[in-house]
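S.K.: structural data only, the sequence is not supplied:
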Ligand SMILES: Nc1ncnc2c1ncn2[C@@H]1O[C@H](COP(=O)(O)OP(=O)(O)OP(=O)(O)O)[C@@H](O)[C@H]1O
């Protein structure tokens with residue numbers, strides 16, 4: 001018997017307008033997509049096409065005084081638009097993990113990695129300080145980060161971007177959110193660290209069934225990671241398909257241009 005599994009994320013008619021003071025400018029035309037459990041949905045497109053605006057609208061992180069957001073975002077069937085900002089704060093982190101392009105922004109510079117990891121775990125779980133410390137140290141070790149005990153005592157500026165990204169993934173491993181939004185998680189990294197971060201993201205999906213919304217302008221990254229892809233252009237999704245379909249049989253002119261503009265090294269669909 002086929003079991004009807006609801007989508008983890010359902011985005012319907014999500015639209016964003018910027019209020020300029022003299023009128024409204026559309027930043028995101030109504031977009032629709034959905035994401036099943038353990039699936040990776042790639043958002044691809046050139047700079048300024050609306051990928052980050054889409055993520056921030058889902059997370060309700062846009063400045064409400066300047067941006068008008070409409071449409072529906074459902075997480076496991078629950079409408080996020082009707083939640084209070086306090087409820088949304090709980091959802092971010094616990095139910096939706098965020099991994100952003102510049103991981104330094106996700107950490108407070110004056111507290112150690114350990115203090116911030118423990119605080120995050122304790123905010124979202126009933127763990128004692130000691131239990132949270134043990135969980136955090138184990139998660140860092142699991143992320144193949146060297147000397148996790150020492151790392152817990154270090155400050156964010158003492159870690160590389162790739163290490164900070166893996167700390168963010170370690171936090172998600174502990175909290176096991178239903179959805180992780182990863183906005184250009186590897187853009188600022190060298191090739192070796194890119195691969196490590198992508199591997200760990202993939203493990204998050206495989207081991208915990210986490211669904212991942214993966215934003216990248218890099219088609220190589222998308223081809224390795226995503227099950228389904230939406231191509232964004234000027235605030236619209238112009239094409240959406242399963243990853244092999246999109247790469248082998250692109251329908252939209254812009255998608256074909258994007259594929260042709262790929263550097264040669266990312267043309268091969270290399271497995272992780
Ligand atoms: N805070 C903001 N205020 C005004 N306009 C903004 C703001 N953030 C983004 N925009 C505009 O919204 C549009 C979409 O931007 P967005 O950041 O979503 O692009 P993107 O596809 O994520 O690009 P990138 O890959 O460079 O991050 C752009 O025209 C951008 O200038």
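M.R.: The structure has been received and is ready for your questions. All figures in this text were calculated on a predicted structure; none of them were measured in a lab.
S.K.: could you use CA atoms for every contact and neighbour count after this?
M.R.: OK.
S.K.: longest helix of the protein?
M.R.: Ranked by residue count and defined by DSSP state H, the top helix of the chain is helix 191-208.
S.K.: flag every buried residue along that helix.
M.R.: 193, 194, 195, 196, 197, 198, 200, 201, 202, 203, 204, 205 (16 or more other CA atoms under 10 Å).
S.K.: from the ligand, how far out is the third one?
M.R.: By that I understand residue 195. Residue 195 sits 20 Å away from the ligand, going by CA to the nearest ligand atom, to the nearest Å.
S.K.: could you list the low-pLDDT ranges of the stretch 151-272 of the chain?
M.R.: Low-confidence segments of the stretch 151-272 of the chain (pLDDT under 70): 263-272.
S.K.: show me what from it comes close to the ligand.
M.R.: Taking CA under 6 Å from any ligand atom, no part of the stretch 151-272 of the chain reaches the ligand.
S.K.: got the residue ranges for the strands in this protein?
M.R.: If DSSP state E is used as the criterion, the strands of the chain fall at 9-19, 24-35, 40-45, 67-75, 78-79, 96-99, 179-183, 211-216, 228-233, 236-242.
S.K.: on contacts alone, who are the packing partners of the first one?
M.R.: With contacts defined as 3 or more CA pairs under 8 Å, 6 or more residues apart in numbering; DSSP states H and E, the packing partners of strand 9-19 are strand 24-35, helix 51-59, strand 67-75.
S.K.: quick one: strands adjacent to the longest one?
M.R.: Strands flanking strand 24-35 in the sheet, each with its direction: strand 9-19 (antiparallel) (DSSP bridges).
S.K.: enumerate the positions of the strand it pairs with that are buried.
M.R.: Result for strand 9-19 [16+ other CA under 10 Å]: buried residues 9, 10, 11, 12, 14, 15, 16, 17, 18.
S.K.: next: stretch 66-75.
M.R.: 67, 68, 69, 72, 73, 74, 75.
S.K.: turn those residues into JSON lines, including pLDDT and distance to residue 142.
M.R.: Formatted as JSON lines, the buried residues of stretch 66-75 follow (pLDDT from 0 to 100; distance: CA to CA, whole Å):
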{"residue": "67", "pLDDT": "94", "distance to residue 142": "40"}
{"residue": "68", "pLDDT": "95", "distance to residue 142": "41"}
{"residue": "69", "pLDDT": "96", "distance to residue 142": "39"}
{"residue": "72", "pLDDT": "97", "distance to residue 142": "36"}
{"residue": "73", "pLDDT": "97", "distance to residue 142": "33"}
{"residue": "74", "pLDDT": "97", "distance to residue 142": "31"}
{"residue": "75", "pLDDT": "96", "distance to residue 142": "28"}
